[in-house]
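K.L.:
sequence below, structure please.
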Amino acid sequence: MRARRFLPLTVLVGLAGCQGSNPVPFITAAPPPAKPAPPPVTFNINLKSLDNRAMVLMYHDLVAIRNRDALWYDCTPDELRKQIAFIQDNGGTFVSVDQLHRHLMLGEQLPPKPVCLTFDDNYQGVYDHAIPVLREFSIPYAVFVHTAFVGGTTGRPKMTWDTLKELVKDPLCTIGSHTVTHPPDISALLPTDQTKELVESKRALEEKLGIKVRFLAYPDGKNDATTQELTRDAGYELAFTTKTYLANASPNLLAVGRYEQSTLERHWREREEELANAVLGTVIQPLQDSPVTVVQDKYGSVKLTLIKGGKPKSILADGRQTVSEFIAAEPGAVAGINGSFFSLAAIASTDNRMVGPCLPENTGLFLPDPEDTRLKRLNNRPAVFWDDKSIGFSPFQPNSMNAIEPFQQAMPGMKSLFVGGVWMVHNGIALTREQQSMYGAKDIQDYRRRAFMGIDAAGVFVCGASMGSYRTDQVAEAAALAGVQEAVLLDSGFSTSLVFGEDIIASGHSSASNPSRPVPHAIVLLGEKDPTAKYDKLSSPNQERRPRRTGRRR
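P.N.:
A predicted model of the protein is given here:
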């Protein structure tokens, strides 16, 4: 079987089959209202889910006391109670696998700091020691069962089928599959044997317990693209690994990350730091068309030039050229700005590879970033995407967003996509220096000429540049004062180039005789130019000449 590569996915898991059925008294002969159709199953992590960051905890056995026979991953009832208290004291909330699944798949909202509890291997100790505590606090939980060992007494005892039938009646409980025999690495098996493990365990649970099994925990977390494909084909809607990342940062719904329960406090602190400094949530707003005009003023201590209006179009050149050349070559373009960051900064280079995934409208070809190490550094930087009618901004997740599918799910007609340097303004508020420094490049607070793009509160496209050298946080404060609602940093320093018609308004250098360096990526504005716009300019393109190819770097 040919393995297909799975890309960022999203799904939520539920209490299906775990709810008891209470009889409802007959009141009227009218037929009951038709049930709404279930949502289509998709496996991309929904960009709307990025307003929250859910944590899934992984447990195995619970033991009455921690003695020399206890294993490192065991948990005692006292430790479980302390973990529950820690989560509650720190503002966390408990959610079911179904809630998590719907959040990841559909973007349905969860309460703040959501935590989902999962228990692998069907240990009797979970029934004896964990479930009484969970019921005391009304905390939902999921138990993953390897069906060949149900009722087993070798080693540590496992729950019997009768015990599992009792759990099915518990509205707090979700029962999922853990395969048949718990192979040490299911991905190492032949596809036919993997299918047998996945399908037969699901069938046994459904037939013996009378439930629909929708969720899976891979034994020891092992899986690959083929395993995920077979898991999907077997009818599972969400599957857990043992990779340590937040659920929303998972590659897809068939590879959702979990944290080993003993690491809760350490990873909680990491999540708190991320929540404190990252922009959360995806913004998608209608784009309002208007004549392309220039606004130039001093905002606080920073002089900015903003070009507003028109329809943006992203262009990736075969090599590198000036923004004036991008505009001249594009029919209907009346203004433009240099684009986002590219791989090789050397002035002499003609390389056009971009940092992060990119979809330029002029080619329509999606280009993932092939460098995994670099992708990790782009965590929570702004991904910008738009079509003819709307524009979106979303915190980039390296595991799931180096692919076109999640963006197309959020915006089916998407034409342009790139990853900006850092989020400067969000919801009309400038990000602080500390917030920007957490996820931006090291040099964003150097004093340089700065270029950015975004929208105002009315959805009018804005591209802008500082008329002098500033830190990014200073320019962000000025942009917010200028009424910019969302703004992201574009390549700056020597690349800064803002052009209106034939006039160069802002440059990476202070004179037309030493203009901005050529770049591979630019954003041009299509539309009608406002003939009444007044502004200071540096030069016209006939004065512009390329910089000497010295190989100098930014």
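K.L.:
Val294 sits in which helix or strand?
P.N.:
If you go by DSSP states H and E, Val294 is part of strand 293-299.
K.L.:
number of nearby residues for the closest residue to Asn379 other than its chain neighbours?
P.N.:
Spatially, and ignoring its direct neighbours in sequence, Asn379 is nearest to Pro398 (5.6 Å; CB to CB, 6 or more residues apart in numbering). No exception for glycine: its C-beta is placed from N, CA and C like everyone else's. Other residues within reach of Pro398, judged by other CB atoms under 10 Å, total 21.
K.L.:
how about Asp220?
P.N.:
14.
K.L.:
show me where the stretch 251-400 of the chain has its strands.
P.N.:
Assigned by DSSP state E, counting those that start in this stretch, the strands in the stretch 251-400 of the chain fall at 259-260, 283-286, 293-299, 302-308, 311-321, 333-338, 382-386, 390-395.
K.L.:
may I have the residues that are in contact with Gly319?
P.N.:
By CB atoms under 8 Å, 6 or more residues apart in numbering, Gly319 lies in contact with Thr350, Asp351, Asn352, Pro518, Pro520.
K.L.:
reformat these into TSV and put distance to Pro331 and neighbour count next to each item.
P.N.:
Listed next are the contacts of Gly319 as TSV, based on distance: CB to CB, whole Å; neighbours: other CB atoms under 10 Å:
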residue	distance to Pro331	neighbour count
Thr350	25	14
Asp351	27	13
Asn352	22	19
Pro518	21	23
Pro520	20	26
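K.L.:
touching stretch 433-447 from outside, list them.
P.N.:
273, 277-279, 341, 379-381, 421-424, 469-473, 476, 489, 493, 554.
K.L.:
ok, of those, which come out buried?
P.N.:
277-279, 341, 379-381, 421-424, 470-473, 476, 489, 493, 554 (16 or more other CB atoms under 10 Å).
K.L.:
among those residues, which ones are in helices?
P.N.:
Asn277, Thr472, Asp473, Ala476 (DSSP state H).
K.L.:
let me know the pLDDT of the first one.
P.N.:
By that I understand Asn277. At Asn277, the model reports a pLDDT of 90.
K.L.:
again, but for the last one
P.N.:
Ala476 carries a pLDDT score of 98 in this model.
K.L.:
isn't it right next to Ala430, touching?
P.N.:
Yes. Taking CB atoms under 8 Å as the definition, Ala476 is a contact partner of Ala430 at 4.0 Å.
K.L.:
now do the end-to-end distance for stretch 281-300.
P.N.:
Criterion CA to CA, to the nearest Å; first-to-last residue distance in stretch 281-300 is 29 Å.
K.L.:
at the geometric centre of this protein, which residue do we find?
P.N.:
The centroid of the chain falls nearest to Gln397 when counting by CA atoms, centre = their mean (3.8 Å).
K.L.:
burial check on the closest residue to that residue other than its chain neighbours, number of neighbours?
P.N.:
Spatially, and ignoring its direct neighbours in sequence, Gln397 is nearest to Ala249 (5.1 Å; CB to CB, 6+ apart). Residues lying near Ala249 (other CB under 10 Å) number 23.
K.L.:
what's the longest helix in this structure?
P.N.:
Max-length helix for the chain by DSSP H is helix 191-209.
K.L.:
state the pLDDT value of Asp69.
P.N.:
In this prediction Asp69 is given a pLDDT of 82.
K.L.:
element containing it, please.
P.N.:
With DSSP H and E as the test, Asp69 turns up in no helix or strand.
K.L.:
and the nearest residue to it once chain neighbours are set aside, what does it touch?
P.N.:
Nearest residue to Asp69, sequence neighbours excluded (CB to CB, 6+ apart): Val63, at 7.8 Å. Val63 makes contact with Asp69, Ala70, Asp74, Cys75, Thr76, Gly125, His129 under the criterion CB under 8 Å, 6+ apart.
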